[in-house]
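1. Model the following, please.
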Amino acid sequence: MAEEVVVQILSRLPPKSLMRFKCVRKSWCALVNNPGFIFQQLHLYNKFASTPILIKRTVISRTESTSEEVVFSLLNLHNDDYNCHLEANCHSIVEDINFPASMGLKTRGQFIELPMPRPRSFDEAVYVIGHCDGIICLLVLYISTSVIICNPAIKEFRLVKDVDVISFHVGFGYHPKSKDYILVNVMSTGEKVYDNERLVIHPPRAKLYTLGTGSWREINTNYLETETTNFWPSLFQFYFKGIFYWLGNEQRKELVSEFDRDDEDNNRLVILFYDAGDELFHSLLLPDGFYDPNEGRYAMRLALLNESIALYGFHRIGNCPAPFEIWIMVDFDGTNCSWTKQLAVVPTVELYMPGPLWNNNAILINREGRVVSYNFDKEKLKYNPIHGVLRAGFQAAICVHSIVSVKGQPT
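-> Okay, here's the model as predicted:
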């Protein structure tokens, strides 16, 4: 068989099969480790494969006498799931992730026991930062702050230990210039009170961690500051084509009092993004109605929808039923954009803040202890084979399968 044909066949196989085939021939082992083949497999296999969704779920809640326990799983969904019967579990496969002891987690099989009490002021002891090319990044906030970077498809795990500079705002993705995976971390540099009342908030600083070198370096934060305001990211949203996206706030540098910190007049919602190409931060405004208090309140997230940036969630106006809305970013030139509303519908079932958008017209939610897909076109629920999910600590993120390695120089 011609080598080109072998490459085409192997590049369409799942990671588990390729890991086994490395033992068949030395030439196949060299091929599977080749960066060009890894890139080819990443795109060809996932073009037709099932959609893996990373699920973090709490299975035992914390009490005065028991610790919280969480499980990480991959829920593999095929794109034709909505052709199945409403209650059918066809095409849905669940694989729990077992973390090795070297990751510093207290585990019992797939169960991760979290300490008491909750760490610091953050609700999560283990939090999903993000994912890129099959690699998942987790923030661990007990014992000492660390980051777990893993590819569960090939069972590779890596621990970045004692990361004192990590904040809850860290992002994860790929650096196209260095051709390596990176963490981008924005941190506070403190604040100072003058005259026993006036608060001055210092501008942020940022660092970048490269997986290949295992080291941090300072990066430019000029565009996270104006003469009168600072820009602060909230939790990381996602990475796409060299750009890291956060929802965030533009906040006044000087406040009359620290009690004015959360006042809406001193904060403005924005999208912050870091362009790994020019290594600069930038900001974008949300749709105009988001800044009009008469338009109600929004609880939104960012997602990737048909390779476009989407803003989605609930728009609440008084006591009226909250419509679910999807806004699509258009005419994005790298620094400015406009928005168009793609969907505004009141769901036929009660939904809390949804998980990720999936299959263009569906969202994943935690409903009554089940992981459920809700289809807006058909107004139907699809129950997936994950049970016993508590509302607290639930996270979900759409991923891909790959053979991208997380190994590099020791950290």
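2. which secondary structure elements does the lowest-mean-pLDDT helix or strand in the chain contact?
-> Least confident helix or strand of the chain, by mean pLDDT, DSSP states H and E, is strand 357-358 with a mean of 80. If contacts are counted by 3 or more C-beta pairs under 8 Å, 6 or more residues apart in numbering; DSSP states H and E, strand 357-358 sits against no helix or strand. Every residue, glycine included, has its C-beta placed from N, CA and C.
3. Following the chain onward from that strand, which element is next?
-> Downstream of strand 357-358, the first helix or strand assigned by DSSP states H and E is strand 362-367.
4. who touches that next one?
-> 53, 57, 82, 312, 349, 351-352, 354-358, 371-376, 381-382, 389, 391, 394, 396 (C-beta atoms under 8 Å, 6 or more residues apart in numbering).
5. at 7 Å what do you get?
-> For strand 362-367, contacts defined as C-beta atoms under 7 Å, 6 or more residues apart in numbering pick out 53, 351-352, 354-358, 371-376, 389, 391, 394, 396.
6. cool, and stretch 331-338?
-> Counting by C-beta under 7 Å, 6+ apart, H282, L284, M329, V330 sit against stretch 331-338.
7. Same list, those, but as TSV with distance to V24 please.
-> Listed next are the contacts of stretch 331-338 as TSV, based on distance: C-beta to C-beta, whole Å:
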residue	distance to V24
H282	48
L284	49
M329	46
V330	49
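8. Please convert those to TSV, extending it with distance to T210, secondary structure and pLDDT.
-> Supplementary listing: these in TSV, determined by distance: C-beta to C-beta, whole Å; DSSP: H, G, I helix; E, B strand; the rest coil; pLDDT from 0 to 100:
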residue	distance to T210	secondary structure	pLDDT
H282	21	strand	94
L284	26	strand	94
M329	29	strand	95
V330	33	strand	93
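9. From L272, how far out is D260?
-> Using C-beta to C-beta, to the nearest Å, we find D260 at a distance of 22 Å from L272.
10. who touches V404 in this structure?
-> I38, L42, D133, G134, I135, N151.
11. Could you tell me which of these belong to strands?
-> Those of the contacts of V404 mapping onto strands are I135, N151, per DSSP state E.
12. ok, the contacts of V404 vs L105, which is closest?
-> N151 (16.9 Å; C-beta to C-beta).
13. pull the longest strand from the chain.
-> Counting residues, the longest strand found in the chain (DSSP E) is strand 229-240.
14. average pLDDT for that one?
-> The average pLDDT within strand 229-240 is 92.
15. And the contacts of it?
-> 129-130, 132, 168-174, 186, 201, 203-204, 224, 245-253, 270, 272, 283, 301-302, 304.
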